[in-house]
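Student: Following is a predicted model, sequence given first.
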Amino acid sequence: MPRLAGPNLERAKETIGLYPQARSALVPLCHLAQEQDGWLTPEAIEHIAELLGLTPVEVLGTASFYDMLHTEPVGRNLVGICTNIACLLAGAYELMEHAEESLGVSAGGTTSDGQFTLEELECAAYCDKAPCVLVNYRFFGPVDNAGFDQIVDDVRAGRLAEDIPPHGTLSRVRREGGLQVPADEIATQRAAADTAKRRRAEEKKKLEESRSADAAATAPQPGGQPGPASGGAE
Amino acid sequence: MAGAPLTDTRDYQRPEAAPDADAVTINVDGRPVQARKGELLIAAAERAGTYIPRFCYHPRMKPVGMCRMCLVEVKGPRGFALQPACFVPVEEGQEVLTQSDKVRKAQDGVLEFLLVNHPLDCPVCDKGGECPLQDQTISFGPGESRFLEEKRHFEKPIAISELVYLDRERCIQCSRCTRFADELAGDPLIDFIGRGDQLEVNTYPDAPFASYFSGNTVQICPVGALTASPYRFRARPWDLEQVESTCTTCAVGCVVSVQSSANRITRYLGIDSDPVNQSWMCDRGRFDFEAVNSEDRLSQPLIRRDGQLVPTTWGDALSRAAAGIEEVRKLHGPAAVAVLGGARLANEDAYAWAKLAKAVIGTDSVDAQMGDGLPAELVLALPQATIDEACGADAVILLGPDLKEELPVLHLRLRQAAVERKLPIIEITQTATGMTRHAAVSLIHRPGEAASVVRALTDPSGAASSDVAGVPGPSLAAARDVLAGVARVVVVLGRPSLAESAAAPARAAVALATAFPQARFLSALRRGNVRGALDMGLAPGVLPGRVGLNQGRDWFGRAWGQVPPERGLDASGILDASADGRVQALVLLGANPIEDFPDRRRAEQGLDGAGFIVAVDGFLTESSQKADVVLPAALYSERPGTTTNLEGRITRLGQKVVPPGVAWPDWMIAVELGVRLGSDLEMDTLAEIRDEIEALAVSHRGITEELLNTAAARDGIVAPLGRATSEPAPAAIDPMSDPGIGAVEHHGVKATAPEPGARRRLVTRPEGQPPALLSLPDAEGGSGSGDPAPPDAYSLRLVAGRKLYDGAVSVRHSPSLAGLAAPAGIRVNPYDLDRLGLHSGDRVRISAPRGSFVLPAAADPGVPRGSAWMPFSQPDGGASRLIDSAESVTDVRLETVQGEG
Amino acid sequence: MSFLDAPRVVTSRFEHEDSHTLSRFVSTGGYDGLRRALTMTPEEVAAQVDASGIIGRGGAGFPTGRKWSMLRPAPVRYLVINGDESEPATFKDHALVTRDPNQLVEGALIAAYAVQATQVFLYVRGEFALGLERVQAALNDAYRQGAVGRDIFGSGFSVDAIVHPGAGAYICGDETALLESLEGKRGFPRVKPPYYPAVTGLYREPTIVNNVETVSSLPWIINHGGAAFAALGAPTSTGTRVFALAGDVMRPGNYEIELSKPTFRDLIFAPELGGGLRPGRSLKAIVPGGTSAFWIGPDRLDLHLDQKAVADAGTMLGSGSVVVMDDTQCMVRAAWRISRFYRRESCGQCTPCREGSGWVENILRRIEAGSGHEDDLGVLLDICDNISPEVSWPSKWPPQQTTICPLGPSIPPAVVSSIGMFRDEYMVHIKDGGCPFD
Ligand SMILES: Cc1cc2nc3c(=O)[nH]c(=O)nc-3n(C[C@H](O)[C@H](O)[C@H](O)COP(=O)(O)O)c2cc1C
Ligand code: SF4
Ligand code: FES
């Protein structure tokens, strides 16, 4: 069922409703399609295009810009090893070599049982635990060769199922409900707030004028500049 | 002044004279330069003679500042800094350096970076010789290559559509093509895929770049990444010669450069004529030069001998033609001779033929419209609008065909105005069209009832909230809201469907003109020079210069010696008269009524009934095959002259190649026939014809040969003078499209300059008051009382429209286009399909009183319930077999075909 | 005295296992800042932030108060929180979203109130799956608490917020690319002018983009007053900041310390911070502020962690990351790996960045693999000069650029620094035809 179907179609429509413009939901819908199918199938791309009023090539063009969106099938689990600077310094390429040997695929490849796709990642922001490994974007680190094998074994055996959903599922926590305040209501409120702000500013100016008339000579601070600590005294 | 443009619709200005209001002065390389506030630096500098190199910038698209080739130093609060000249707007006092060491280094750097991954296959690249990357590498670039690394590899050229090939290795990621497809064409079918140095342009798999405007991407690609299949490997740029001309495929009249090599047309390029096509063309116009080059062209006169058409000499053919016409005239009177067609002709041809028919032969049964137009008196009387006025109006009412299919570049202009300046378009239509997505309101109504819709729309009480002619009340109310209080309304007026009579749109037009007295009308009649033909009097009831037969009688009587005594027949009348013997001799002037007249049976009966037929044509068509004498005519690009577009704008036709064999321009044929009919038309050169038009045609007063030759006439001259709405701007071409084309101006003037040594005889204007131009009260709003009764429950009311690629001769004879004509089919609302027990894809029998045939049916929610849409003319047949042009509407019945499909 | 004695502006809950839960949050002063802000006028809130002197923590170092004051008044205006943290070796926002998501939501709402935003978008890097879950949970909780949505805490102020996941593209950290991405497009940074999203931002409406750490600081600033924040650090760099320390140190990690007072030496060697290098190793180079920054050598260890001081030294504090490299590391390899990152992450718009990044990476890879030529170093420096004119060693800050966004000029620093500091090491690679560290 590579089109978005059933509850996923409902979720897609709710997601679109969260944005001022439908196209903004493009990436979230691509994630949703990956959650459903593990990758971004052509049917899903076409369906997303339909939902957003775009052509399929616009969806593909945008999706292909992003590393997490896969327009080719990938394994059930995406195993990524970061090799960027901090992990490099901590031996990430040596770990990568081990991983390639141990999984029997080179970076970018998928194991013959379809369980794992191995990826070389850019910095995953887990550098104090370098070298780090991500399985479906769940983080492990620091990981040595044995640790890597352990993770792979655990995933294969389903021992980490609770922490690591299959590839594609990013957030298991869903938004509860749509937007609470209609956009035009907010816009009206903001216009009112601007008026109030202007009034307050005028009042304040008047007040200051009368005050500075009283006070003698204090050097005026240029407005808008982050003043030194003393300037901020209440 | 009435002629001032309503509003300027352009977002980004191209180089042209800066008006004073927003004038600012900037300093470029130490030189003061006048510019307009907000204008882009690159454009201001270019106008002042400083060309800043660029790749991604295109004067007709929003800048993206991506390629970084145009970096110059601009002084800011923190001193000079490199900034993209294509993105930075000018500001008073701005200081700019375009030649500093830093600028040169940055630009050299960009060039070198572009070459890191660019293949060095210039010798086999179509762009070689006119490639800015190649040129700039030679003039600016570092001498030696420092790359040791391997270049990026992609599969060599891939066909991204039937017409366009893409070589991704050559692509420099300037996004000109993708922006054009999205912003201008509205067909975002190509896009960037990937990221970084893997960025490539491509289509979605199995979804080709099927856009009517795809050829423009080839023209604007700065390198050889996009190439057009009709041009690939045909010529090298340095072999090309070129001339400025006008495309006459449809009535938009795009200004183009015609390029040829060895007396064959190799390519058309759109020229940036500001008021007209702004450098764009549609693919049909761009590629149908193949038909001009076709082997099937008529190259010598033919006469019928023993039932066969056989070649002969001009002398023989002309004598035969004259003798046949003369005989009929003698025996049955001049009214028994009729002339059909003429919209393919140049203005000068049309004038010569009008004079031949009306003054020499003496018949007023002359019609350049093939039953697919509107009454000439109405078209000529309505206050005319320009394209700029339509784009700059407060609201446009679109009552005509699907512009995307019939007048593509007009569609492009209006679409852009709708998207960019939110021009509200109210569409009065019978099915959804290419404009529906962009229209403020689409009033989709039952065929034949446009006038009722207009009445409901313009009803001052505005109360009626109920449905009218199938249009929901709320839609009408929404449209009324759009129109409430707007000052400048332009009506785009044409024939929405050929399955209803012309009376319906004509009535609606008169109602609109009455309700909006200030409204102007832009013609959406499709045929190439139909406007010029009507202006020149190639229609019943009118004489050259937009005057009625009766008003112009004295004037032309004195000038020409004779004018027909009474109004003649239109195309439909001519065919009927020919079928029953009232018309005995028929001249087909580039006319193919069998294919083009809305009612095929009537056309066939008319031709079969004619005693004597002369055909003047470029091809032997279904109709000209029936002729007794066939005279070969020169086509577009084979002869100089002028043409008139749907605005009434007169532009140049340039000659680039010689016609095949002994084919002649049409005006010459008229002159020679005149001689053999015993009368000298007194026109031996084009210049003389233009002199006579200027002297006698009131609407063309002042539009002299000399004026047409001035630089100010580069964008053409809108007749009558004083209605010209655009500042004359130099018609330019984007230098990236063809760096060699700076010379078009020269070509334009040279090609049309009077032949050296040609003696011009003086035309004297007749004595007395010239006639007045036609005005609305003279025009009849078409006959017929009112709306047709709604169809019965078993029938669907037919809507027949043209597709861009259809069964037309020029498409059939252009190999690259012929295959693009979609097979005919009928489209029906899913509800009706269901109701009739049919399924999308079923082959159905379509029956009308006229006949029946079998076609596939498709569900289309854009067709309203109760109606059905069919193409008018496709290679495998179309609606003209079902239409009875004597009826106001056409009803059809659909039934499944047992056992088939 | 310990460097960790300074107030914990954003990491106060990090010591708790359950720092991300609503109960921990509420029991440790959660939402107090928001409640207090709502009793003030929006301008008063903004004035406190202005007075705090806080400069943005996203890397560009723009004063937050000043940014807010540039917002063009319009009925529709947006607040976007930049949680796309992808600058190599930066991992403080990752920690903030996973360990204290409620504080982030509270801070975002304070900012939304101050700038009177119509909608808040929490753009969180897609790879932070757990972080996305927690921020969504925190936002759900906030809706249930009445802290977001209609009539927040009965103040009459209403605003909606949503969580938006990224999808893996470093460039989307740049605020204009982020806005494009949020509009459902590829993350192409926008060409300037217009210069500021505060004038023309999301959907062309005025928009404030603030970093996760920046807004996470707001509850503290409102609770303690801008002056209290400004009293920390020095006028050139006020408050505290989370430094993400990585590489060859004993105790890599996120350390929230006062700005300006400590030095790089303190950060790397203080026992309660980096804890020094591994035994027997010596310091070779430091990459401060993310890989877009020029490197510094052991001679600069006494430079203070102060925005201005570091800029004067020719580099930047940037994203707050500090990578330490010791004498066992190959500098050619490090420079190559950094350039490979920019090649992979260049968005592809600008010719110099798109083509230059690949060219540089190819040459560095070749040198590291032992096929370098002597000319290569000159070519490398010239390519860098064409991307970032007049780039030099010793370095100058800020760099110039021939590109739209600062990713282009982020390519040269590693190349120029490594050649400038370790030319000999390059020459060994070239002469010996291989890497001496292999
Ligand atoms: C290439 C590039 C990457 C960036 N990445 C980030 C990032 O990951 N997170 C971030 O907050 N800011 C990043 N920035 C800075 C943002 O553009 C922006 O300045 C910042 O989000 C504003 O927030 P602040 O004022 O609170 O710092 C990046 C800038 C560039 C040019
Ligand atoms: S500098 Fe690089 S990342 Fe930035 S806009 Fe240009 S191509 Fe994209
Ligand atoms: S960046 Fe200005 S022309 Fe390309």
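Tutor: That came in fine, so what should we check first? Numbering: from 1, shown residues only, chains lettered A, B, ... in the order given. Ligands and ions are numbered 1, 2, ... in the order given.
Student: quick one: the worst-scoring helix or strand of chain A on mean pLDDT near chain C?
Tutor: Least confident helix or strand, chain A: helix A:183-214 with a mean of 88, by mean pLDDT, DSSP states H and E. Yes: counting by CB under 8 Å from any CB of the partner chain, chain C is contacted by helix A:183-214 at A:183, A:185-191, A:193-194, A:197, A:200-201. The C-beta positions use only the backbone N, C-alpha and C, and glycine is treated the same way.
Student: So what touches stretch A:182-192?
Tutor: Stretch A:182-192 is contacted from outside by A:20, C:75-77, C:116, C:118-119, C:158-160, using CB atoms under 8 Å, 6 or more residues apart in numbering or on different chains.
Student: Can you give the distance from that stretch to the centre of its chain?
Tutor: Distance of stretch A:182-192 from the chain centroid (CA atoms, centre = their mean, to the nearest Å) equals 28 Å.
Student: Buried residues in it, which are they?
Tutor: For stretch A:182-192, the neighbour count (16 or more other CB atoms under 10 Å in any protein chain shown) marks A:186, A:189-190 as buried.
Student: tell me which of those is nearest to ligand 1?
Tutor: Taking CB to the nearest ligand atom as the measure, ligand 1 lies nearest A:R190 of those, at 21.9 Å.
Student: and the residue lying closest to B:C221 once chain neighbours are set aside, helix, strand or coil?
Tutor: Nearest non-adjacent residue to B:C221, counting by CB to CB, 6 or more residues apart in numbering or on different chains: B:C177, 6.0 Å away. Secondary structure assignment for B:C177 (DSSP: H, G, I helix; E, B strand; the rest coil): helix.
Student: List the residues that contact B:C177.
Tutor: B:C177 neighbours (CB under 8 Å, 6+ apart): B:190, B:201, B:217, B:220-221, B:226.
Student: following the lowest-mean-pLDDT helix or strand in chain B, which helix or strand shows up next?
Tutor: When each helix and strand of chain B is scored by mean pLDDT, DSSP H and E, helix B:744-752 comes last, with a mean of 41. Moving toward the C-terminus from helix B:744-752, the next helix or strand (DSSP states H and E) is strand B:796-801.
Student: Can you flag which of the contacts of B:C177 belong to helices?
Tutor: B:217, B:220 (DSSP state H).
Student: so how far is C:K261 from the residue nearest to B:C221?
Tutor: 56 Å (CB to CB, to the nearest Å).
Student: isn't A:P165 right next to A:Y137, touching?
Tutor: No: between A:P165 and A:Y137 there is no contact under CB atoms under 8 Å: 9.7 Å.
Student: Give me the below-cutoff pLDDT ranges for chain A.
Tutor: Residue ranges of chain A with pLDDT under 70: A:1, A:214-234.
Student: for chain B, what are the nearby residues on chain A?
Tutor: Neighbours of chain B within chain A, by CB under 8 Å from any CB: A:42, A:45, A:54-58, A:60-61, A:64-66.
Student: Show the contacting residues for C:W397.
Tutor: C:294, C:310-316.
Student: got it, and C:K396?
Tutor: Listed by CB under 8 Å, 6+ apart, the contact partners of C:K396 are C:314, C:390.
Student: Likewise for B:A45?
Tutor: Counted by CB under 8 Å, 6+ apart, B:A45 has contacts B:28, B:33, B:51-52, B:85, B:96, B:98.
Student: which ones among the contacts of stretch A:182-192 are found in strands?
Tutor: Judged by DSSP state E, strands contain the following of these: C:119, C:160.
Student: Now which of the contacts of stretch A:182-192 would you call buried?
Tutor: A:20, C:75-77, C:116, C:118-119, C:158-160.
Student: can you redo the residues you listed as JSON lines with distance to ligand 1?
Tutor: Formatted as JSON lines, those follow (distance: CB to the nearest ligand atom, whole Å):
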{"residue": "A:P20", "distance to ligand 1": "21"}
{"residue": "C:P75", "distance to ligand 1": "24"}
{"residue": "C:V76", "distance to ligand 1": "20"}
{"residue": "C:R77", "distance to ligand 1": "16"}
{"residue": "C:Q116", "distance to ligand 1": "18"}
{"residue": "C:T118", "distance to ligand 1": "19"}
{"residue": "C:Q119", "distance to ligand 1": "18"}
{"residue": "C:S158", "distance to ligand 1": "24"}
{"residue": "C:V159", "distance to ligand 1": "19"}
{"residue": "C:D160", "distance to ligand 1": "21"}
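Student: what number of residues lie near B:A323?
Tutor: By the criterion of other CB atoms under 10 Å in any protein chain shown, B:A323 has 14 neighbours.
Student: give me the residue from the stretch 301-438 of chain C nearest chain A.
Tutor: The nearest approach of the stretch 301-438 of chain C to chain A comes at C:R337, 5.0 Å away (CB to the nearest CB).
Student: tell me the contacts of that residue?
Tutor: C:R337 is in contact with A:83-85, A:88, counting by CB under 8 Å, 6+ apart.
Student: Mind picking the two most distant members of those?
Tutor: Longest distance between any two of the contacts of C:R337 is 8.9 Å, between A:T83 and A:I85; criterion CB to CB.
Student: Now A:A5. Nearest residue, chain neighbours left out?
Tutor: A:Q36 (7.7 Å).
Student: How about the contacts made by that neighbour?
Tutor: A:1-2, A:4-5, A:8, A:44, A:168.
Student: Number of residues surrounding residue 167?
Tutor: Assuming you mean chain A. A total of 23 residues lie near A:H167 under the criterion other CB under 10 Å.
Student: oops, chain C please
Tutor: Neighbour count for C:A167, taken as other CB under 10 Å: 24.
Student: Wait, it touches A:H70, no?
Tutor: No: with contact defined as CB under 8 Å, C:A167 does not count as touching A:H70 (10.4 Å).
Student: number of nearby residues for residue 17?
Tutor: If you meant another chain, say so; for now it's chain A. By other CB under 10 Å, neighbour count at A:G17 equals 11.
Student: wait, chain C
Tutor: Counted by other CB under 10 Å, the residues lying close to C:E17 total 8.
Student: What of B:T685?
Tutor: 16.
Student: Residue ranges of each domain in chain B, please.
Tutor: B:23-113, B:302-372+B:530-746, B:378-523, B:796-896 (automatic domain parsing).
Student: which among the contacts of C:W397 gets closest to ligand 1?
Tutor: Closest to ligand 1, out of all of those and judged by CB to the nearest ligand atom, is C:M316, at 11.6 Å.
Student: which of the residues in stretch B:882-894 are buried?
Tutor: Neighbour-count burial for stretch B:882-894 [16+ other CB under 10 Å]: B:882-885, B:887-894.
Student: Quick one: mean pLDDT over that stretch.
Tutor: Across stretch B:882-894, the average pLDDT comes to 95.
Student: how long is that stretch end to end?
Tutor: This stretch, stretch B:882-894, spans 13 Å end to end (CA to CA, to the nearest Å).
Student: can you give me the strands in the stretch 251-400 of chain C?
Tutor: Counting by DSSP state E, counting those that start in this stretch, the stretch 251-400 of chain C has strands at residues C:253-258, C:283-288, C:321-326.
Student: sorry, that was for chain A
Tutor: A:77-82, A:116-121, A:133-135, A:138-140.
Student: Quickly compare the ones you listed and say which is most buried.
Tutor: Highest mean neighbour count of the strands of chain A: strand A:77-82, a mean of 25 (counted as mean count of other CB atoms under 10 Å in any protein chain shown).
Student: now what about it, what contacts it?
Tutor: Here strand A:77-82 makes contact (CB under 8 Å, 6+ apart) with A:87, A:92, A:95-96, A:99, A:103, A:115-124, A:126, A:130-137, A:152, A:155, A:164, A:166-167.
Student: how close does the closest residue to chain B within the stretch 51-200 of chain C sit to B:V88?
Tutor: Chain B sits closest to C:V191 of the stretch 51-200 of chain C, with a gap of 3.8 Å, by CB to the nearest CB. Applying CB to CB, the value for C:V191 to B:V88 is 10 Å.
Student: returning to that earlier point: got the domains of chain B as CSV, with distance to ligand 3 columns?
Tutor: Below are the domains of chain B laid out as CSV (distance: least, CB to the nearest ligand atom, whole Å):
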stretch, distance to ligand 3
domain B:23-113, 3
domain B:302-372+B:530-746, 9
domain B:378-523, 21
domain B:796-896, 32
